[in-house]
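K.L.:
Here you go, sequence then predicted model.
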Amino acid sequence: MPELGSLPTLHRRITDWFHHEARDLPWRDPDCGPWGVMVSEFMLQQTPVVRVLPVWTEWMRRWPTPADLAAEPTSEVIRAWGRLGYPRRALRLQAAAQRIVEQHGGDVPDTEAELLALPGVGAYTAAAIACFAFEIPTVVVDTNIRRVHARLVSGRALPEKSLTRAESALAQTLLPEDPGTACAWNAGVMELGALVCTARSPRCGECPVAELCAWRTAGMPEPHYQPRGQSWAGTDRQLRGEIMAVLRENGSATGSELQSVVASSGRLGEHTPEPDQWRRCLSSLVADQLAERRPADADDDGPETTYSLPG
DNA sequence: AACACGGGGAA
DNA sequence: TTCCCAGTGTT
C-alpha cells in the first residue's frame, strides 16, 4: 500500500494523463447519453475497442433509444451484432432494452442496483454505466484496473486469477473521495491498463506513475502463475460461431446444408466435427435462443430439420 | 470455484 | 502461425 499522503498524487497524475492521452471514443462524448454508454459496455465486455467502434456506430444510428432496439426482430439484432463474438450478448442487450421499456419508462436506470437487475449486466457493467453515464462515484473493477492495481500498489506482475475481497477492498481504498474525480480515476486507470500497463509488454516509459510503481520497485518479478490461454480450434465455440455465420447470411438452413456450407468454408481447417459435436452445438444454440429448430420436436441434424434465426 | 461462451488483431 | 484477450451466467 502506498502511504495515504501519496494518494492525491496518484489521482492527479493518472487523471491528468487521462485528460491528455485518452482515446477519443464516441461513447466518451458528453452528448453520447446513457444508452450509448450501455451499448458500448455490452460490446466491450469481451471485444477490443477497434472492433467495437464500427458496430457501435451503426447500432446507435439504427437504434438510438432502448425502445428502438426493443421493437426490432431478434434476427436483425443478431445480424447487426455481426462478428463481435459471444452473440448471446446481443440477445441480452435486447432483453435489457425491453426491460428498460417495460419497467423504466424507456430510460436507462440511473442506480447501480437497478442496472444490476438487467439481463447481461453484472457487477462490472452496472458500475461502469453508473460511473460513465451518470457520473455516480462508484468502484469500477475490470481486468485492466485489477492489473494496474496489482502492479502499482501490490508489486505483482498480474492480479489474482479471480477477483478477491482484498482486491475489491484495495479498489475502494484507492477511489478518490471527490465524486468528480472518482469517475475520471476509474476511466483513467482502465485506459492506463489498456494502453500502457498492458498484460505482456508494459510501456513503462509512457507511464505517468512509473516511479511510484511497486512492481518496478520490486524489480518487476515474474507472475506467480502462468496464465493459460484458451484453446479455440475444434471447440464448440468455433463451430457455434460458424453455424451462426451461416444463419446470419442465409437466414435459415437445414442441418445437412449447415454441415456442407461450414465444411466448404474452410474456416474449420482440418477439423471435421463429429456428429455428436454437431448435435451438441445445434442444440445449445437452440437452447440459447440464438437459433430456432423446425419442426420443434426434431432432435437431430437430419436433412429435414431446419434451423433459422429467431423472430 | 470452474466452466462455457467468439472472433480477430498483435506478436 | 501462435498468442492473447475478459465479463456474465450456469453448473
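P.N.:
Yep, that arrived. A quick note: this is a predicted structure, and the numbers were derived from the prediction, not measured.
K.L.:
And the residue of the stretch 101-250 of chain A that's closest to DNA strand B?
P.N.:
residue A:241 (1.4 Å; C-beta to the nearest atom of the strand). Yep, even glycine has a C-beta here, placed from its N, CA and C like the rest.
K.L.:
Could I get the contacting residues of that residue?
P.N.:
Residues near residue A:241 by C-beta atoms under 8 Å, 6 or more residues apart in numbering: residue A:85.
K.L.:
Can you tell me the element it falls in?
P.N.:
helix A:236-250 (DSSP states H and E).
K.L.:
mind listing what's buried in that helix?
P.N.:
A:238, A:239, A:240, A:241, A:242, A:243, A:244, A:245, A:246, A:247, A:248 (16 or more other C-beta atoms under 10 Å).
K.L.:
Same question for stretch A:251-261.
P.N.:
Here stretch A:251-261 shows A:252, A:253, A:254, A:255, A:258, A:259, A:261 as buried, counting by 16+ other C-beta under 10 Å.
K.L.:
Check those against DNA strand C and report the nearest one.
P.N.:
residue A:261 (21.3 Å).
K.L.:
For the closest one, what are phi and psi?
P.N.:
The phi and psi torsions at residue A:261 (degrees, to the nearest 10) take the values phi -70, psi -40.
K.L.:
Am I right that it is in contact with residue A:255?
P.N.:
No - Residue A:261 is beyond contact range of residue A:255, at 11.1 Å (criterion: C-beta atoms under 8 Å).
K.L.:
Can you name the residues of chain A that neighbour DNA strand C?
P.N.:
For chain A, the residues in contact with DNA strand C (C-beta under 7 Å from any atom of the strand) are A:45-46, A:48, A:86, A:92, A:119-126, A:142-144, A:194, A:199-200, A:227, A:229-230, A:232.
K.L.:
need the contact list for residue A:305.
P.N.:
With C-beta under 8 Å, 6+ apart, residue A:305 has these contacts: A:254, A:255, A:293, A:294, A:295, A:298.
K.L.:
For residue A:262, which residues are in contact?
P.N.:
So residue A:262 contacts A:239, A:242, A:243, A:246, A:268 (C-beta under 8 Å, 6+ apart).
K.L.:
Dump those residues to CSV, plus pLDDT.
P.N.:
Converted to CSV, these look like this (pLDDT from 0 to 100):
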residue, pLDDT
A:239, 94
A:242, 95
A:243, 94
A:246, 95
A:268, 85
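K.L.:
Closest to DNA strand C out of those?
P.N.:
Nearest to DNA strand C among the contacts of residue A:262: residue A:268, at 12.8 Å, using C-beta to the nearest atom of the strand.
K.L.:
Can you verify the closest one is assigned to a strand?
P.N.:
No - counting by DSSP: H, G, I helix; E, B strand; the rest coil, one finds residue A:268 to be coil, located in no strand.
K.L.:
My understanding was that it contacts residue A:242; is that so?
P.N.:
Yes - Residue A:268 lies in contact with residue A:242 (C-beta under 8 Å); the separation is 6.5 Å.
K.L.:
and residue A:280, how many residues sit next to it?
P.N.:
15 (other C-beta atoms under 10 Å).
K.L.:
again with the one 10 residues further on
P.N.:
Using other C-beta under 10 Å as the criterion, residue A:290 is surrounded by 21 other residues.
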